[in-house]
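*Asks:* could you work out the structure for the sequence below:
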Amino acid sequence: MNKVLDTRKVDKLEKLLDGVSSVVLTCHVRPDGDAVGSTLGWMHVLEGIGKSVAVVIPDNAPRSLSFLPGFDRMAVFTRHEEYCEKLFRDADLVICCDFNQPSRLDRMQSLLDMSECPKVLIDHHVEPSQFADLTFSFPDMSSTCELSFRILADLGLYTEMSEDAATCILTGMITDTKNFTVNCKSPDIYEILQRLLEKGCDKNRIVRLALMEKSFGSMMLEAYALSQKIEIFPEYHASVICLDQAECERFHYEKGDTEGLVNRPTEIRGITFSFFLREDSDCIKVSARSVMDFPVNLMCKELFGGGGHVMAAGAEYHGSLEDCRKTLVNSFPEYSHYLKGRTEKLDFFDIRS
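*Replies:* Presented below is the predicted three-dimensional model:
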(Lines give C-alpha, C1' and ligand atoms only; values in the text may rest on other atoms or scores of the structure.)
Protein backbone atom coordinates (compact mmCIF):
# COMPACT_ATOMS: atom_id res chain seq x y z
CA MET A 1 0.00 0.00 0.00
CA ASN A 2 1.44 3.35 -1.08
CA LYS A 3 2.33 5.86 1.61
CA VAL A 4 0.28 8.99 0.97
CA LEU A 5 -0.04 10.56 4.41
CA ASP A 6 2.18 13.31 5.79
CA THR A 7 4.27 11.62 8.48
CA ARG A 8 4.37 14.83 10.50
CA LYS A 9 0.59 14.96 10.66
CA VAL A 10 0.37 11.32 11.69
CA ASP A 11 2.95 11.95 14.42
CA LYS A 12 0.93 14.97 15.62
CA LEU A 13 -2.23 12.87 15.78
CA GLU A 14 -0.39 10.16 17.70
CA LYS A 15 0.73 12.73 20.27
CA LEU A 16 -2.79 14.11 20.54
CA LEU A 17 -4.19 10.65 21.17
CA ASP A 18 -1.49 9.85 23.71
CA GLY A 19 -2.44 12.93 25.72
CA VAL A 20 -6.21 12.49 25.91
CA SER A 21 -8.59 10.14 27.66
CA SER A 22 -12.02 11.25 26.38
CA VAL A 23 -12.80 11.47 22.64
CA VAL A 24 -15.94 12.52 20.78
CA LEU A 25 -16.42 11.40 17.18
CA THR A 26 -18.94 13.14 14.97
CA CYS A 27 -20.10 13.29 11.34
CA HIS A 28 -22.40 15.18 9.00
CA VAL A 29 -26.17 15.60 9.17
CA ARG A 30 -28.20 12.81 7.51
CA PRO A 31 -25.31 10.39 8.05
CA ASP A 32 -24.64 7.75 5.40
CA GLY A 33 -22.60 4.55 5.46
CA ASP A 34 -19.26 6.32 5.21
CA ALA A 35 -20.10 8.77 8.00
CA VAL A 36 -21.41 6.12 10.38
CA GLY A 37 -18.80 3.55 9.40
CA SER A 38 -15.87 5.89 9.96
CA THR A 39 -17.05 7.19 13.34
CA LEU A 40 -17.90 3.74 14.66
CA GLY A 41 -14.71 2.28 13.23
CA TRP A 42 -12.61 4.85 15.08
CA MET A 43 -14.70 4.30 18.21
CA HIS A 44 -13.93 0.58 18.34
CA VAL A 45 -10.20 1.08 17.73
CA LEU A 46 -9.82 3.90 20.26
CA GLU A 47 -11.74 1.98 22.90
CA GLY A 48 -9.41 -0.91 22.24
CA ILE A 49 -6.45 1.22 23.33
CA GLY A 50 -8.17 2.42 26.47
CA LYS A 51 -9.87 5.66 25.47
CA SER A 52 -13.33 6.73 26.61
CA VAL A 53 -15.19 7.32 23.35
CA ALA A 54 -18.60 8.68 22.34
CA VAL A 55 -20.11 8.99 18.86
CA VAL A 56 -22.45 11.97 18.49
CA ILE A 57 -24.46 12.39 15.28
CA PRO A 58 -26.67 15.35 14.28
CA ASP A 59 -29.78 13.27 13.53
CA ASN A 60 -30.89 9.68 13.09
CA ALA A 61 -28.90 7.33 10.87
CA PRO A 62 -30.67 5.10 8.31
CA ARG A 63 -32.14 1.87 9.61
CA SER A 64 -30.22 0.00 6.89
CA LEU A 65 -27.04 0.58 8.93
CA SER A 66 -28.45 -0.77 12.20
CA PHE A 67 -26.48 -4.00 11.79
CA LEU A 68 -23.22 -2.15 12.45
CA PRO A 69 -21.58 -2.95 15.80
CA GLY A 70 -22.12 0.02 18.10
CA PHE A 71 -24.99 1.52 16.09
CA ASP A 72 -27.26 1.68 19.16
CA ARG A 73 -24.59 3.51 21.16
CA MET A 74 -24.55 6.62 18.98
CA ALA A 75 -25.94 9.72 20.68
CA VAL A 76 -28.42 11.55 18.45
CA PHE A 77 -28.46 15.34 18.89
CA THR A 78 -32.06 15.82 17.77
CA ARG A 79 -33.19 13.41 20.48
CA HIS A 80 -30.84 14.19 23.38
CA GLU A 81 -29.49 17.73 22.99
CA GLU A 82 -28.37 18.28 26.58
CA TYR A 83 -26.59 14.92 26.77
CA CYS A 84 -24.78 15.56 23.48
CA GLU A 85 -23.76 19.02 24.69
CA LYS A 86 -22.26 17.46 27.83
CA LEU A 87 -20.29 14.94 25.76
CA PHE A 88 -18.76 17.75 23.69
CA ARG A 89 -18.08 19.86 26.75
CA ASP A 90 -16.28 17.02 28.56
CA ALA A 91 -14.24 15.81 25.57
CA ASP A 92 -10.46 16.13 25.44
CA LEU A 93 -10.47 15.69 21.66
CA VAL A 94 -13.09 15.90 18.89
CA ILE A 95 -12.59 13.92 15.68
CA CYS A 96 -14.76 15.09 12.76
CA CYS A 97 -15.40 12.48 10.08
CA ASP A 98 -16.72 12.81 6.54
CA PHE A 99 -17.58 16.51 6.28
CA ASN A 100 -15.64 19.53 5.05
CA GLN A 101 -17.55 22.42 6.63
CA PRO A 102 -18.89 22.87 10.19
CA SER A 103 -22.24 23.83 8.68
CA ARG A 104 -22.62 20.19 7.61
CA LEU A 105 -23.43 19.50 11.27
CA ASP A 106 -26.61 21.55 10.88
CA ARG A 107 -27.86 22.74 14.31
CA MET A 108 -25.19 20.70 16.06
CA GLN A 109 -22.53 23.09 14.75
CA SER A 110 -23.03 25.12 17.92
CA LEU A 111 -21.55 22.26 19.96
CA LEU A 112 -18.47 22.11 17.76
CA ASP A 113 -18.08 25.88 17.91
CA MET A 114 -18.25 26.01 21.70
CA SER A 115 -15.87 23.10 22.21
CA GLU A 116 -12.46 24.32 23.39
CA CYS A 117 -10.53 21.05 22.97
CA PRO A 118 -8.36 20.20 19.92
CA LYS A 119 -10.21 19.10 16.78
CA VAL A 120 -9.15 16.71 14.03
CA LEU A 121 -10.78 16.55 10.59
CA ILE A 122 -10.72 13.30 8.57
CA ASP A 123 -12.50 13.74 5.25
CA HIS A 124 -12.49 13.10 1.51
CA HIS A 125 -14.63 16.01 0.26
CA VAL A 126 -13.25 18.94 -1.71
CA GLU A 127 -12.47 22.38 -0.33
CA PRO A 128 -12.34 21.73 3.43
CA SER A 129 -12.54 24.81 5.62
CA GLN A 130 -9.75 25.36 8.13
CA PHE A 131 -11.72 24.85 11.33
CA ALA A 132 -9.70 21.96 12.78
CA ASP A 133 -6.32 21.95 14.51
CA LEU A 134 -5.26 19.01 12.37
CA THR A 135 -6.71 18.17 8.94
CA PHE A 136 -6.47 14.99 6.88
CA SER A 137 -8.18 15.81 3.57
CA PHE A 138 -7.89 13.58 0.49
CA PRO A 139 -10.68 14.21 -2.06
CA ASP A 140 -9.26 11.57 -4.44
CA MET A 141 -9.84 8.77 -1.93
CA SER A 142 -12.87 6.57 -2.29
CA SER A 143 -14.22 7.31 1.15
CA THR A 144 -13.46 8.67 4.59
CA CYS A 145 -13.34 5.05 5.72
CA GLU A 146 -10.47 4.33 3.31
CA LEU A 147 -8.64 7.38 4.66
CA SER A 148 -9.37 6.27 8.24
CA PHE A 149 -7.88 2.84 7.55
CA ARG A 150 -4.72 4.42 6.16
CA ILE A 151 -4.35 6.70 9.19
CA LEU A 152 -4.94 3.85 11.63
CA ALA A 153 -2.40 1.71 9.78
CA ASP A 154 0.20 4.51 9.86
CA LEU A 155 -0.47 4.93 13.58
CA GLY A 156 0.44 1.27 14.03
CA LEU A 157 -3.10 0.42 15.12
CA TYR A 158 -3.97 -2.20 12.49
CA THR A 159 -3.10 -4.91 14.99
CA GLU A 160 -5.55 -3.30 17.44
CA MET A 161 -8.37 -3.34 14.88
CA SER A 162 -11.13 -5.74 15.88
CA GLU A 163 -13.57 -7.46 13.57
CA ASP A 164 -16.21 -4.93 14.70
CA ALA A 165 -14.00 -1.99 13.74
CA ALA A 166 -13.11 -3.57 10.41
CA THR A 167 -16.78 -4.24 9.64
CA CYS A 168 -17.67 -0.59 10.21
CA ILE A 169 -14.80 0.67 8.05
CA LEU A 170 -15.51 -1.79 5.25
CA THR A 171 -19.19 -0.77 5.27
CA GLY A 172 -18.25 2.84 4.59
CA MET A 173 -15.99 1.83 1.73
CA ILE A 174 -18.64 -0.44 0.22
CA THR A 175 -21.44 2.13 0.42
CA ASP A 176 -19.39 5.03 -0.95
CA THR A 177 -18.08 2.96 -3.87
CA LYS A 178 -21.29 1.05 -4.64
CA ASN A 179 -19.48 -2.17 -3.80
CA PHE A 180 -16.21 -1.11 -5.48
CA THR A 181 -17.72 -0.03 -8.78
CA VAL A 182 -17.13 3.76 -8.54
CA ASN A 183 -14.52 6.07 -6.98
CA CYS A 184 -11.87 3.34 -7.05
CA LYS A 185 -8.98 5.15 -8.70
CA SER A 186 -6.19 3.52 -6.71
CA PRO A 187 -5.46 -0.23 -6.70
CA ASP A 188 -4.56 0.23 -3.03
CA ILE A 189 -8.25 0.03 -2.21
CA TYR A 190 -8.24 -3.68 -3.01
CA GLU A 191 -5.29 -4.28 -0.72
CA ILE A 192 -7.21 -2.49 2.02
CA LEU A 193 -10.21 -4.71 1.28
CA GLN A 194 -7.99 -7.75 1.70
CA ARG A 195 -6.66 -6.49 5.03
CA LEU A 196 -10.19 -5.89 6.31
CA LEU A 197 -11.35 -9.32 5.18
CA GLU A 198 -8.43 -10.79 7.10
CA LYS A 199 -10.03 -9.32 10.23
CA GLY A 200 -13.06 -11.53 9.67
CA CYS A 201 -15.45 -9.15 7.87
CA ASP A 202 -18.38 -10.75 6.05
CA LYS A 203 -18.43 -8.70 2.84
CA ASN A 204 -21.46 -10.46 1.38
CA ARG A 205 -23.49 -9.70 4.50
CA ILE A 206 -22.48 -6.03 4.43
CA VAL A 207 -23.46 -5.68 0.77
CA ARG A 208 -26.80 -7.38 1.36
CA LEU A 209 -27.75 -5.37 4.45
CA ALA A 210 -26.30 -1.97 3.51
CA LEU A 211 -26.98 -1.87 -0.23
CA MET A 212 -29.52 -4.47 -1.27
CA GLU A 213 -32.20 -5.02 1.36
CA LYS A 214 -35.17 -2.66 1.29
CA SER A 215 -38.49 -2.36 3.06
CA PHE A 216 -41.59 -3.02 0.97
CA GLY A 217 -42.44 0.69 1.15
CA SER A 218 -38.98 1.68 -0.04
CA MET A 219 -39.17 -0.69 -3.00
CA MET A 220 -42.61 0.57 -4.00
CA LEU A 221 -41.48 4.20 -3.65
CA GLU A 222 -38.55 3.54 -5.97
CA ALA A 223 -40.81 1.76 -8.46
CA TYR A 224 -43.21 4.71 -8.39
CA ALA A 225 -40.39 7.23 -8.83
CA LEU A 226 -38.88 5.40 -11.79
CA SER A 227 -42.17 4.60 -13.53
CA GLN A 228 -44.14 7.79 -12.85
CA LYS A 229 -41.84 10.62 -11.78
CA ILE A 230 -38.67 10.33 -13.84
CA GLU A 231 -38.11 13.04 -16.44
CA ILE A 232 -35.64 12.50 -19.27
CA PHE A 233 -34.03 15.40 -21.14
CA PRO A 234 -32.52 13.69 -24.22
CA GLU A 235 -30.76 16.78 -25.59
CA TYR A 236 -28.80 17.09 -22.33
CA HIS A 237 -28.49 13.37 -21.55
CA ALA A 238 -30.03 14.21 -18.19
CA SER A 239 -32.59 12.84 -15.79
CA VAL A 240 -34.59 14.49 -12.97
CA ILE A 241 -36.79 12.86 -10.34
CA CYS A 242 -38.89 14.97 -7.96
CA LEU A 243 -40.79 13.63 -4.95
CA ASP A 244 -42.90 15.79 -2.66
CA GLN A 245 -43.71 15.06 0.98
CA ALA A 246 -47.16 13.68 0.23
CA GLU A 247 -45.72 11.16 -2.22
CA CYS A 248 -43.09 10.03 0.28
CA GLU A 249 -45.69 9.70 3.05
CA ARG A 250 -47.91 7.65 0.76
CA PHE A 251 -45.22 4.97 0.74
CA HIS A 252 -44.47 5.28 4.49
CA TYR A 253 -41.11 6.92 3.89
CA GLU A 254 -38.39 6.40 6.48
CA LYS A 255 -34.92 7.91 6.50
CA GLY A 256 -32.74 6.06 4.00
CA ASP A 257 -35.62 4.78 1.85
CA THR A 258 -34.52 6.84 -1.16
CA GLU A 259 -30.81 6.12 -0.69
CA GLY A 260 -29.41 5.16 -4.09
CA LEU A 261 -32.44 6.33 -6.09
CA VAL A 262 -30.40 9.11 -7.72
CA ASN A 263 -28.03 6.46 -9.10
CA ARG A 264 -30.68 4.48 -10.95
CA PRO A 265 -31.13 6.79 -13.98
CA THR A 266 -27.37 6.69 -14.64
CA GLU A 267 -27.89 3.00 -15.46
CA ILE A 268 -29.83 4.07 -18.57
CA ARG A 269 -27.63 3.90 -21.66
CA GLY A 270 -26.80 7.45 -22.69
CA ILE A 271 -27.68 9.22 -19.42
CA THR A 272 -24.73 11.33 -18.26
CA PHE A 273 -26.12 13.00 -15.15
CA SER A 274 -29.04 12.52 -12.80
CA PHE A 275 -30.69 14.74 -10.17
CA PHE A 276 -33.09 13.68 -7.43
CA LEU A 277 -35.08 16.36 -5.59
CA ARG A 278 -36.93 15.33 -2.42
CA GLU A 279 -39.16 17.66 -0.42
CA ASP A 280 -38.38 17.47 3.30
CA SER A 281 -40.08 19.40 6.08
CA ASP A 282 -37.48 22.18 6.08
CA CYS A 283 -35.86 22.13 2.65
CA ILE A 284 -35.54 20.44 -0.72
CA LYS A 285 -32.83 17.79 -0.59
CA VAL A 286 -30.83 17.82 -3.81
CA SER A 287 -28.78 14.77 -4.81
CA ALA A 288 -26.77 14.43 -8.01
CA ARG A 289 -24.77 11.71 -9.74
CA SER A 290 -22.98 11.48 -13.07
CA VAL A 291 -20.66 9.43 -15.24
CA MET A 292 -17.63 10.32 -17.37
CA ASP A 293 -16.51 13.09 -14.99
CA PHE A 294 -19.48 15.35 -15.70
CA PRO A 295 -19.19 17.97 -12.90
CA VAL A 296 -22.43 17.74 -10.93
CA ASN A 297 -20.52 19.16 -7.96
CA LEU A 298 -20.13 22.40 -9.90
CA MET A 299 -23.86 22.50 -10.64
CA CYS A 300 -24.74 21.88 -6.98
CA LYS A 301 -22.32 24.58 -5.86
CA GLU A 302 -23.31 27.26 -8.35
CA LEU A 303 -27.07 26.63 -8.34
CA PHE A 304 -27.73 25.70 -4.73
CA GLY A 305 -24.65 26.49 -2.64
CA GLY A 306 -23.81 22.81 -2.18
CA GLY A 307 -20.92 20.71 -3.40
CA GLY A 308 -19.28 17.32 -3.23
CA HIS A 309 -17.30 15.18 -5.63
CA VAL A 310 -17.21 15.63 -9.39
CA MET A 311 -19.64 12.76 -9.98
CA ALA A 312 -21.46 12.66 -6.63
CA ALA A 313 -22.74 15.84 -5.03
CA GLY A 314 -25.65 17.37 -3.17
CA ALA A 315 -27.20 20.49 -1.71
CA GLU A 316 -30.20 21.90 0.09
CA TYR A 317 -32.64 24.36 -1.45
CA HIS A 318 -34.84 26.55 0.71
CA GLY A 319 -37.88 27.19 -1.40
CA SER A 320 -40.57 25.25 -3.23
CA LEU A 321 -39.96 21.96 -5.00
CA GLU A 322 -41.19 23.42 -8.28
CA ASP A 323 -38.87 26.44 -8.03
CA CYS A 324 -35.95 24.13 -7.30
CA ARG A 325 -36.80 22.02 -10.34
CA LYS A 326 -37.13 25.08 -12.57
CA THR A 327 -33.78 26.46 -11.41
CA LEU A 328 -32.15 23.14 -12.19
CA VAL A 329 -33.75 22.43 -15.56
CA ASN A 330 -33.32 25.99 -16.83
CA SER A 331 -29.58 25.70 -16.11
CA PHE A 332 -28.99 22.68 -18.36
CA PRO A 333 -27.93 24.72 -21.42
CA GLU A 334 -25.26 26.46 -19.31
CA TYR A 335 -23.57 23.15 -18.49
CA SER A 336 -24.09 21.28 -21.76
CA HIS A 337 -20.56 22.09 -22.94
CA TYR A 338 -19.26 19.69 -20.29
CA LEU A 339 -20.83 16.83 -22.22
CA LYS A 340 -18.12 17.27 -24.88
CA GLY A 341 -19.72 14.64 -27.10
CA ARG A 342 -18.67 11.86 -24.72
CA THR A 343 -22.11 10.31 -24.50
CA GLU A 344 -23.69 7.23 -25.95
CA LYS A 345 -26.79 7.66 -28.05
CA LEU A 346 -29.83 7.99 -25.79
CA ASP A 347 -32.70 5.86 -27.06
CA PHE A 348 -35.66 7.17 -25.11
CA PHE A 349 -39.38 6.67 -25.33
CA ASP A 350 -41.99 7.74 -22.80
CA ILE A 351 -44.29 4.84 -21.94
CA ARG A 352 -46.60 7.28 -20.12
CA SER A 353 -47.51 9.21 -23.29
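*Asks:* so A165 is in which element?
*Replies:* Assigned by DSSP states H and E, A165 belongs to helix 163-176.
*Asks:* run the chain-centre distance for that helix.
*Replies:* 13 Å (C-alpha atoms, centre = their mean, to the nearest Å).
*Asks:* in that helix, which residues are buried?
*Replies:* 164-176 (16 or more other C-beta atoms under 10 Å). C-beta here means a position set from N, CA and C on the backbone, and glycine is covered the same way.
*Asks:* could you report the separation of M311 from Q101?
*Replies:* 20 Å (C-beta to C-beta, to the nearest Å).
*Asks:* the more surrounded of these two?
*Replies:* M311 (20 against 15; other C-beta atoms under 10 Å).
*Asks:* how about that one, nearest residue that isn't a chain neighbour?
*Replies:* In space, and not counting its chain neighbours, M311 is closest to S290: 4.6 Å by C-beta to C-beta, 6 or more residues apart in numbering.
*Asks:* and that neighbour, bridged to which residues?
*Replies:* Here S290 sits in beta bridges with F273, going by DSSP bridges.
*Asks:* tell me the helices and strands packed up against the lowest-mean-pLDDT helix or strand in the chain.
*Replies:* Among the helical and strand segments of the chain, the one scoring lowest on mean pLDDT, DSSP states H and E is strand 307-309, with a mean of 85. On a contact count with 3 or more C-beta pairs under 8 Å, 6 or more residues apart in numbering; DSSP states H and E, strand 307-309 meets helix 296-304, strand 312-317.
*Asks:* mind putting these into TSV with mean pLDDT?
*Replies:* Formatted as TSV, the helices and strands packed on strand 307-309 follow (pLDDT from 0 to 100):
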stretch	mean pLDDT
helix 296-304	96
strand 312-317	92
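*Asks:* take those and write them to JSON lines, including mean neighbour count and distance to V10.
*Replies:* Compiled in JSON lines, those are given as follows (neighbours: other C-beta atoms under 10 Å; distance: least, C-beta to C-beta, whole Å):
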{"stretch": "helix 296-304", "mean neighbour count": "21", "distance to V10": "28"}
{"stretch": "strand 312-317", "mean neighbour count": "22", "distance to V10": "28"}
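*Asks:* between the ones you listed, which one is nearest to T327?
*Replies:* T327 sits nearest to helix 296-304 of all those, at 5.9 Å, using C-beta to C-beta.
*Asks:* who does the closest one touch, helix- and strand-wise?
*Replies:* strand 273-279, strand 284-290, strand 307-309, strand 312-317, helix 321-335.
*Asks:* paired strands for the third one, with orientation please.
*Replies:* Same thing as strand 307-309. Within its sheet, strand 307-309 is paired with strand 312-317 (antiparallel), according to DSSP bridges.
*Asks:* could you give the angle of the partner strand to strand 273-279?
*Replies:* 30 degrees (axes from the mean of the first three to the mean of the last three C-alpha atoms, to 10 degrees).
*Asks:* I figured the residue nearest to M311 hits T266, correct?
*Replies:* Yes: the pair S290 / T266 is scored as a contact, 7.0 Å apart, by C-beta atoms under 8 Å.
*Asks:* spit out the residues that contact these two alike.
*Replies:* 272-274 (C-beta atoms under 8 Å, 6 or more residues apart in numbering).
*Asks:* make JSON lines from these and add pLDDT, neighbour count and distance to E249 to it.
*Replies:* Putting those into JSON lines (pLDDT from 0 to 100; neighbours: other C-beta atoms under 10 Å; distance: C-beta to C-beta, whole Å) gives the following:
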{"residue": "T272", "pLDDT": "95", "neighbour count": "25", "distance to E249": "32"}
{"residue": "F273", "pLDDT": "97", "neighbour count": "29", "distance to E249": "28"}
{"residue": "S274", "pLDDT": "98", "neighbour count": "27", "distance to E249": "24"}
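*Asks:* which of those lies closest to L87?
*Replies:* Among these, and counting by C-beta to C-beta, the member closest to L87 is S274, at 38.3 Å.
*Asks:* residues contacting that closest one?
*Replies:* S274 touches 238-241, 262-266, 288-290, counting by C-beta under 8 Å, 6+ apart.
*Asks:* contacts only, for Y158.
*Replies:* The neighbours of Y158, taking C-beta under 8 Å, 6+ apart as the test, are 152, 195.
*Asks:* surely D123 touches R104?
*Replies:* No: the criterion here is C-beta under 8 Å, and D123 misses it with R104 at 9.6 Å.
*Asks:* which one's more surrounded, those two?
*Replies:* With neighbours defined as other C-beta under 10 Å, D123 and R104 compare such that D123 has more, 26 against 21.
*Asks:* how about the helices and strands packed on helix 296-304, which one is nearest V29?
*Replies:* strand 312-317 (9.5 Å).
*Asks:* relative to strand 284-290, how tilted is the closest one?
*Replies:* Here strand 312-317 runs at an angle of 160 degrees relative to strand 284-290 (the same axes, to 10 degrees).
*Asks:* give me the angle between strand 312-317 and helix 163-176.
*Replies:* Going by the same axes, to 10 degrees, strand 312-317 makes 80 degrees with helix 163-176.
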